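Participant: Next input, structure requested:
(2 chains)
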Amino acid sequence: MAVVEKDEVIQGLLLDELHRCIAALSALETKLLGFPKGALNVRKKLHQTKQYTYHYLVHREGGQVVNRHIPSVELPALRKQLEERDRYRKEIRSYKRRVAYLEKLLGSQRRGRSNAHTS
Amino acid sequence: MAANAGEGAMRILRESPFPLEIRALLKTLCDVGFFERSLLIGSWVMPIYKELYGVAYTLRTLDVDFAVHVAHPRMRLRADLEQLITGIGFSSFLDAEGIQKFSAGGYEVEFIVHRRGGRAGGVRSLEEWKLNALPLPFIGILLDFAETAVLEGSQIRFPIPEAFFVHKLIVAARRLVAAKRLKDLEQCAALVPVLADGKLQEVMDSQRLGKATRKSIVVSCRTINFPLPRLGLD
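Facilitator: Got it, this is the predicted structure:
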């Protein structure tokens, strides 16, 4: 197959990949909204001879730090949700990096092609 | 139906063409019997052909597609694939059309079922695997002619090159985006040296192709200079 056609295949593949990544990124970000915000914090209190442990979900709301107490029965489910949320965040980061890379690559290809036409 | 016409001698993939995430996924699917009737399709089949048949083709996308054989629309649950796939580190999400996808390391996994005629889009719920899938036409060609290879102890099913070739000839001509059409045809051109005429004929004979579909095949064949008589067309 001719070089120009091959270039078109690669260009199309990259463009298609960019669109796919943008769509996936948007869907993953929507999904992320359903997860709890914040980080789990542990406070230990000593009362007489006994030490008590309390769990709090710390997050910001309108510039203020909010500590929400998490009862121990809710803790395993919340931990699982936070783990899952972190996995989505990691996936979103990888898509963002890929989108930036593809945009840069396609931009430079387009620039290269327009330079080739003008020279 | 010419089910599994290409099945017979099982071959071993000595070097895995897949990244870690996809290898884990293939193993998970294999362990629950997914590949007994369903198969890996899309551009990730080309590295398998490269390994088994020496097909010279290196381009691949990051989306991994599986064709799901639907035995009966109300089949009882066999395995909760959503739970299993997310359990190995994939994130599940619905795209804008409501189609379920899985993502890990930038790889996007999607399940596809055969659509009989019509233009209707939408999603197809698969109770057997607790998933939803995208219905597309001509997937039956791939499902009917499959072969198996062993990858790190897991049996992976994928279409035979002849079925993949005929399927690509059809879909290439229907593509709206020129670059995708070129990619399909480039894959077809790469497969030409390994195609067996007998199997090609078998694939063609098994399909009741309409006039428009035959025309699509003719147009694609002419673009890659593939002789029509090898497909039983003139």
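Participant: Need the residue closest to the centroid of the chain.
Facilitator: Here I'm looking at chain A. By Cα atoms, centre = their mean, chain A has its centre lying nearest to A:Ile92, at 2.6 Å.
Participant: Let me rephrase: I mean chain B.
Facilitator: B:Ile41 (2.2 Å).
Participant: contacting residues for the residue nearest to B:Leu81 when sequence neighbours are not counted?
Facilitator: Once flanking residues are discounted, B:Leu81 sits nearest to B:Trp129: 4.4 Å by Cβ to Cβ, 6 or more residues apart in numbering or on different chains. To be clear about C-beta, it is placed using only N, CA and C from the backbone, and glycine gets the same treatment. If you count contacts by Cβ atoms under 8 Å, 6 or more residues apart in numbering or on different chains, B:Trp129 has them with B:34, B:68, B:77-81, B:111.
Participant: Return the residues of chain A in contact with chain B.
Facilitator: A:1, A:5-6, A:8-13, A:15-17, A:20-21, A:23-24, A:26-28, A:30-31, A:84, A:87-88, A:91, A:94-95, A:98 (Cβ under 8 Å from any Cβ of the partner chain).
Participant: so where is the chain shaky, pLDDT-wise?
Facilitator: Answering for chain A, as no chain was given. Scanning chain A for pLDDT under 70 picks out A:1-6, A:108-119.
Participant: Sorry, I should have been clearer: chain B.
Facilitator: B:1-9, B:73-74, B:118-121.
Participant: Tell me if the longest strand belonging to it is near chain A.
Facilitator: Across chain B, the longest stretch assigned as strand under DSSP state E is strand B:107-114. Yes - with Cβ under 8 Å from any Cβ as the measure, strand B:107-114 is seen reaching chain A through B:Glu108.
Participant: quick one, what contacts B:Glu162?
Facilitator: B:6, B:145, B:195-196, B:199-200, B:202-203.
Participant: Is it possible to mark the buried ones in these?
Facilitator: For the contacts of B:Glu162, a neighbour count by 16 or more other Cβ atoms under 10 Å in any protein chain shown gives the buried set as B:6, B:145, B:195, B:199-200, B:202-203.
Participant: Break down chain B into its helices, ranges please.
Facilitator: Under the criterion DSSP state H, helices of chain B are mapped to B:20-31, B:45-53, B:81-87, B:139-144, B:161-174, B:178-191, B:197-206, B:211-223.
Participant: tell me what the third one is packed against?
Facilitator: Meaning helix B:81-87. Counting contacts by 3 or more Cβ pairs under 8 Å, 6 or more residues apart in numbering or on different chains; DSSP states H and E, helix B:81-87 is packed against helix B:20-31, strand B:91-94, strand B:100-104.
Participant: same question, the shortest one
Facilitator: Contacts defined by 3+ Cβ pairs under 8 Å, 6+ apart place helix B:139-144 against strand B:39-41, strand B:63-68, strand B:107-114, strand B:154-159, helix B:161-174, helix B:197-206.
Participant: Tabulate these (TSV), appending distance to B:Ile48.
Facilitator: Converted to TSV, the helices and strands packed on helix B:139-144 look like this (distance: least, Cβ to Cβ, whole Å):
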stretch	distance to B:Ile48
strand B:39-41	8
strand B:63-68	12
strand B:107-114	16
strand B:154-159	6
helix B:161-174	10
helix B:197-206	16
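Participant: who wins for proximity to B:Gly122 among these?
Facilitator: Nearest to B:Gly122 among those is strand B:107-114; the distance by Cβ to Cβ comes to 11.3 Å.
Participant: can you list contacts of the closest one?
Facilitator: Strand B:107-114 is contacted by residues A:20, A:24, B:19, B:21-22, B:25, B:41, B:62-68, B:70, B:85, B:90, B:99-103, B:124, B:126, B:129, B:131-140, B:143 when judged by Cβ under 8 Å, 6+ apart.
Participant: One more pass at 7 Å, please.
Facilitator: Residues from elsewhere that reach strand B:107-114 (Cβ atoms under 7 Å, 6 or more residues apart in numbering or on different chains): A:20, A:24, B:21-22, B:25, B:62-68, B:70, B:90, B:99, B:101-102, B:124, B:131, B:133-136, B:139-140, B:143.
Participant: Over to the residue in chain A positioned nearest to chain B: give its phi and psi.
Facilitator: Going by Cβ to the nearest Cβ, chain B is nearest to A:Gly12 of chain A, at 1.7 Å. Taking degrees, to the nearest 10, you get phi -60, psi -40 for the backbone angles of A:Gly12.
Participant: so who does B:Arg181 touch?
Facilitator: B:Arg181 touches B:172, B:175, counting by Cβ under 7 Å, 6+ apart.
Participant: picking up where we left off before, make JSON lines out of the contacts of B:Glu162 and add distance to chain A.
Facilitator: What follows is the contacts of B:Glu162, written out as JSON lines (distance: Cβ to the nearest Cβ, whole Å):
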{"residue": "B:Gly6", "distance to chain A": "27"}
{"residue": "B:Phe145", "distance to chain A": "26"}
{"residue": "B:Leu195", "distance to chain A": "18"}
{"residue": "B:Ala196", "distance to chain A": "23"}
{"residue": "B:Lys199", "distance to chain A": "25"}
{"residue": "B:Leu200", "distance to chain A": "21"}
{"residue": "B:Glu202", "distance to chain A": "28"}
{"residue": "B:Val203", "distance to chain A": "24"}
